[in-house]
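for reference, the sequence and a predicted model appear below.
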Amino acid sequence: MKKIIILVLVLFTLSACSNVKNGVPTPKQEQVIDLPSVEPDHYLYHITDAQGNGMYLLGSIHVGQKPMEVDGKLLDAYNDSEAISFEVNDFTITDSIMELTQEMLTINPLSEIEDAQFDEKFKQLDEEYDYINEELIASGYNLTYLQQMTLAELMEELSLKSEYGVDMTLLNKAMADEKELLEVEGITMQFNLFMEFEEKCASYMMDSTFISKSESEQDLIDSLKTYANGTFEDCALSNETMWMTNRDMPIPEELYETQQEMQEYETYRDLMLINRQDDMYLKCVEYIKNDNTLLVVGAMHLIGADGLLALFEDNGYTVTKQ
């Protein structure tokens, strides 16, 4: 289970890359490991329709440890595209985003739980992470906030920054070059998605959040290495995570203890991946008609039986790895 949440937060969405604000102290940054340079060319595709119109599709990672160069095949695709589309095209913390954050924090599915095991798990987080304080406790143990803050501290200690991610690097370049900027979701949609998680998937999120810091850190490192080395598909399509990208695949029984938990895991999968990819696909169809777009989304949106690449191939498009 622990690997799944790291994949979700680092490779699916941008919101995990939020900085540590709202009065919560940021831990001192320290280098833990020298990670390999990100090589996004491994995840670059060209999609073509029957009329010969096409678009580029890039599977991204939303964080990095060092500045990334846009070169090689990715630079060619970038130069060949007049418009660049991201999951979200605004990476800054604005007043509207802060208001959405406060609205998200009003949903506290754990605040009424009286469970000794939960209290023990929270105590473990308190001992392992520097961000636990009175303000966080007062938030009612909001799970989305806990996940974001936990990952933010891990990123800080590994010298990982969202501005070094593939998305931000391309966004900054596109802004400087005055490319047309598009988005397939937007920050409001993503925050509303997290609020649905709070309402519908509390057990799944709790299981995924309350794991040891050392395990979370190692899983984060492993995920980043497999992306950088071009082997992410193999890792993401392992038996442990394959069900996340296939709506018809049953959830492994070892991941849940009750039918309610199983239903929550299915809901989380559908909300986080399957439904989003269906929506992304429909926007991509429009982009292809324009014959001028590079679309950048989290790498795991591309793979699996219900991933974007499969959706294109199943609907008669030609998918060519660059």
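Received it, and whenever you're ready, just let me know what you need.

where exactly do the strands run in the stretch 201-322 of the chain?
293-298, 318-321 (DSSP state E, counting those that start in this stretch).

contacts for the last one?
The reference is to strand 318-321. Strand 318-321 is contacted from outside by Leu44, Tyr45, His46, Ile47, Thr48, Asp49, Leu309, Phe312, Glu313, using CB atoms under 8 Å, 6 or more residues apart in numbering. No exception for glycine: its C-beta is placed from N, CA and C like everyone else's.

Glu157 - how many residues pack around it?
Residues near Glu157, counting by other CB atoms under 10 Å, number 19.

okay, it and Ser216: tell me how far apart.
11 Å (CB to CB, to the nearest Å).

and Leu309, by the same measure?
29 Å.

more neighbours: which of these two?
Between Leu309 and Ser216, counted using other CB under 10 Å, Ser216 has the larger neighbour count: 23 against 19.

model confidence score at the closest residue to Gly230 other than its chain neighbours, please.
Spatial nearest neighbour of Gly230, chain neighbours left out: His42 (3.5 Å); criterion: CB to CB, 6 or more residues apart in numbering. pLDDT, His42: 89.

quick one: His42 is in a helix?
Yes. Applying DSSP: H, G, I helix; E, B strand; the rest coil, one finds His42 inside a helix.

against Leu273, how distant is the closest residue to Glu313 other than its chain neighbours?
The shortest distance from Glu313 to any residue other than its chain neighbours is 5.4 Å, reached at Val319 (CB to CB, 6+ apart). According to CB to CB, Val319 and Leu273 sit 19 Å apart.

higher neighbour count, those two?
Neighbours were counted for Val319 and for Leu273 using other CB under 10 Å; Leu273 has more, 22 against 16.

so that one makes contact with Thr245?
Yes. Contact criterion CB atoms under 8 Å: Leu273 and Thr245 qualify, at 6.3 Å.

overlap in contacts of the two?
Common contacts of Leu273 and Thr245 (CB under 8 Å, 6+ apart): Met300, Gly304, Asp306.

list only buried entries from those.
Met300, Gly304, Asp306 (16 or more other CB atoms under 10 Å).

distance to Glu266 added to the contacts of strand 318-321, as JSON lines?
Converted to JSON lines, the contacts of strand 318-321 look like this (distance: CB to CB, whole Å):
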{"residue": "Leu44", "distance to Glu266": "31"}
{"residue": "Tyr45", "distance to Glu266": "28"}
{"residue": "His46", "distance to Glu266": "33"}
{"residue": "Ile47", "distance to Glu266": "29"}
{"residue": "Thr48", "distance to Glu266": "34"}
{"residue": "Asp49", "distance to Glu266": "33"}
{"residue": "Leu309", "distance to Glu266": "23"}
{"residue": "Phe312", "distance to Glu266": "25"}
{"residue": "Glu313", "distance to Glu266": "25"}
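
in ChimeraX, select just the buried ones from these.
The buried residues among the contacts of strand 318-321 can be selected in ChimeraX (16+ other CB under 10 Å) with this line:
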select :44,45,46,47,48,49,309,312
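
in helices only, show me the contacts of strand 318-321.
Leu309, Phe312, Glu313 (DSSP state H).

for Pro252, which non-adjacent residue is spatially closest?
Spatial nearest neighbour of Pro252, excluding adjacent residues (CB to CB, 6+ apart): Trp243 at 6.6 Å.

correct me, but that neighbour touches Glu253?
No. Trp243 is beyond contact range of Glu253, at 11.1 Å (criterion: CB under 8 Å).

with neighbour numbers in mind, choose between the two.
Higher neighbour count among Trp243 and Glu253: Trp243, with 19 against 8, using other CB under 10 Å.

ok, the more buried one - contacts?
Applying CB under 8 Å, 6+ apart, we find Trp243 in contact with Met249, Pro250, Ile251, Pro252, Arg269.

which residues does the first one contact?
Under the criterion of CB under 8 Å, 6+ apart, the neighbours of Met249 are Met242, Trp243, Ala305.

nearest to Met195 among those?
Trp243 (24.1 Å; CB to CB).

low pLDDT regions in the stretch 51-200 of the chain?
90-98, 100-118, 132-141 (pLDDT under 70).

just the helices in it please.
Counting by DSSP state H, counting those that start in this stretch, the stretch 51-200 of the chain has helices at residues 72-79, 95-104, 116-128, 134-138, 143-157, 166-176, 187-200.
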